[in-house]
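>>> pasting the structure only:
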């Protein structure tokens, strides 16, 4: 568990001084918790420093591990973010990954703080997000060096791999089998469509996971679920998991208008079920971490029980209707 | 024993809820501390509601009854439900058997598969709805704190 914020400053000052190559110990503003994330704690710091005699001020964000919530990996995320930034996508610059948990109680990585906000985006920035998602899907992932994410042998294997991934996360975390999740995995395998192509999939796209100022998107955030796969996963995710501000028809219209994308009804049904499955499986890790005493925060038990059950309930409805 | 009356779990939890809500929450300035306190209230209310119920035992009993009925009607289902390793935990074994039957039933059109879909699946869905209702205090607190994003 990470240390109380009030106790972090001395160790962070030493860490930043060494990492930034400052002439003398830096001055720190913060850290303060800046977002209500569940897989990672997000802390903001302001740093005043001198390098080669020149005074500078920097704003950084620390993205801090929380014991492996959702079964995701920060090292992979760092590597991906660096590659995407090189490829020209709007992604925060990662400065370093600190694997030494003794600094603040857990490993973390440091990135430049991006201007803007993440909550309650207006239509203009949502349109921008849709266009960016299309651009992300169009990225030549081989050329961008993203094969480390795992290249499927055939396109359909990418979807089957994701079903297996989340099933494994569920089975590794659960205190008791969840028969309806096992049923869902079997149903998803049976109905998995064959993608037209393999693309870089964000895995958690949409409102809340991009920083914007007005209509301008400054950064896409939270890349921990990213993988190579069927881009329809992302379109349906944005509309059904992060898209409560708009109706399904409004989202479909936006996708058509801004990205020239149409997801078939059958694909929509499949990916809506898959994304509920992904969420229901991932959320069980939060309950495991809570019950094992790794992370006693109230949001962990809420995510691991009530949110998990909400997603599972919707998944059961969808499969029952199919 | 002293013979004195000790506070019950319900009284302890009810007291904790009031202390967080009436004393701590109004004094907290940081947004994250307030979010955590609201979440804690949901957690405590959930715990308070559970002091009078034992849903797992009742669910186990209903599940066992359903599985026994299915195996009697369709003995071939036992082959599909046979566990490779029996864990020694009755709750685990029941759910593992249920999982294997539901997986078997996916895409199968036999009378046995239909019986699994008609009897076992609705039972599990009903238990899911009960569990969801039980965790409602936490869901309410989660929503109130503005924490609801995608996966969680």
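Structure's in. What do you need? The model shown is predicted, which means the values in this text are computed figures rather than measured ones.
>>> Please tell me how far stretch A:9-28 is from the chain's geometric centre.
Stretch A:9-28 sits 28 Å away from the centroid of its parent chain (CA atoms, centre = their mean, to the nearest Å).
>>> Next, the residue in chain B that chain A sits nearest to: secondary structure please.
Closest approach of chain B to chain A (CB to the nearest CB) occurs at residue B:39, with a separation of 3.0 Å. Glycine gets a C-beta too; all of them are placed from N, C-alpha and C. Here residue B:39 is recorded as helix under DSSP: H, G, I helix; E, B strand; the rest coil.
>>> Checking my notes, residue A:50 in a strand, right?
Yes. Checked against three-state DSSP, residue A:50 lies within a strand.
>>> Surely the residue of chain B closest to chain A and residue A:302 touch.
Yes. At 6.0 Å, residue B:39 counts as touching residue A:302 under the criterion of CB atoms under 8 Å.
>>> So for these two, which sits in the more crowded spot?
Counted by other CB atoms under 10 Å in any protein chain shown, residue B:39 and residue A:302 do not tie: residue A:302 has more neighbours, with 32 against 24.
>>> Quick one: residues in contact with the strand or helix carrying residue A:300.
Assigned by DSSP states H and E, residue A:300 belongs to helix A:298-302. Contact partners of helix A:298-302, identified using CB atoms under 8 Å, 6 or more residues apart in numbering or on different chains, comprise A:36, A:38, A:66, A:69, A:286-287, A:289-290, B:35-36, B:39-40, B:42-43, B:135, B:138-139, B:141-142, B:145, B:147, B:152.
>>> Chain neighbours aside, what residue packs nearest to the spatially most central residue of chain B?
In chain B, the residue lying closest to the centroid (CA atoms, centre = their mean) is residue B:131, at 4.1 Å. Leaving out its chain neighbours, the residue that sits closest to residue B:131 by CB to CB, 6 or more residues apart in numbering or on different chains is residue A:309, at 5.5 Å.
>>> From the rest of the structure, what touches whichever strand or helix holds that neighbour?
Per DSSP H and E, residue A:309 falls inside helix A:308-321. With contacts defined as CB under 8 Å, 6+ apart, helix A:308-321 is touched by A:178, A:180-181, A:183-184, A:187, A:269, A:272-273, A:276-277, A:279-280, A:283-284, A:286-287, B:121, B:125, B:128-129, B:131-132, B:135, B:139, B:151-152.
>>> Give the buried residues for that helix.
With burial defined by 16 or more other CB atoms under 10 Å in any protein chain shown, the residues of helix A:308-321 counted as buried are A:308-316, A:318-319.
>>> isn't there a strand covering residue A:111?
Yes. Residue A:111: assigned to a strand according to three-state DSSP.
>>> If the residue nearest to residue A:22 when sequence neighbours are not counted is in a bridge, with which residues?
Closest residue in space to residue A:22, ignoring its immediate chain neighbours: residue A:49 at 4.3 Å, by CB to CB, 6+ apart. Residue A:49 has these beta-bridge partners by DSSP bridges: residue A:56.
>>> For residue A:49, give its distance to residue A:21.
From residue A:49 across to residue A:21, the span is 9 Å (CB to CB, to the nearest Å).
>>> Look at these two and report which has more neighbours.
Per other CB under 10 Å, whichever of residue A:49 and residue A:21 has more neighbours is residue A:49, with 20 against 9.
>>> Wait, the more buried one touches residue A:19, no?
No. Contact criterion CB under 8 Å: residue A:49 and residue A:19 do not qualify, at 10.6 Å.
>>> chain center to the helix holding residue A:300: distance?
Using CA atoms, centre = their mean, the offset of helix A:298-302 from its chain centre is 18 Å.
>>> quick one: low-confidence parts of the chain?
This is for chain A. Scanning chain A for pLDDT under 70 picks out the ranges A:36-37.
>>> should've been chain B
For chain B, counting by pLDDT under 70, the residues that fall below are B:1, B:83-86, B:146-152.
>>> Domain map for it?
B:9-52, B:55-133 (automatic domain parsing).
>>> what's near enough to touch residue A:76?
Counting by CB under 8 Å, 6+ apart, residue A:76 has contacts A:148-149, A:224.
>>> Wait, a helix at it?
Yes. Counting by three-state DSSP, residue A:76 is found in a helix.
>>> Near chain B, which residues of the stretch 101-250 of chain A? Just list them.
A:176-180, A:182-183, A:185-187, A:190, A:204, A:206, A:208-209, A:237, A:241-242 (CB under 8 Å from any CB of the partner chain).
>>> Identify each of the helices in the stretch 101-250 of chain A and give its residue range.
Under the criterion DSSP state H, counting those that start in this stretch, the stretch 101-250 of chain A contains helices at A:123-138, A:155-173, A:179-191, A:232-240, A:248-259.
>>> what's the shortest one in contact with?
What that stands for is helix A:232-240. A:129-130, A:133, A:137, A:159, A:162, A:193, A:195, A:201-206, A:246, A:248, A:251-252, A:255, A:261, A:263, A:267-268, A:271-272, A:274-275, B:150.
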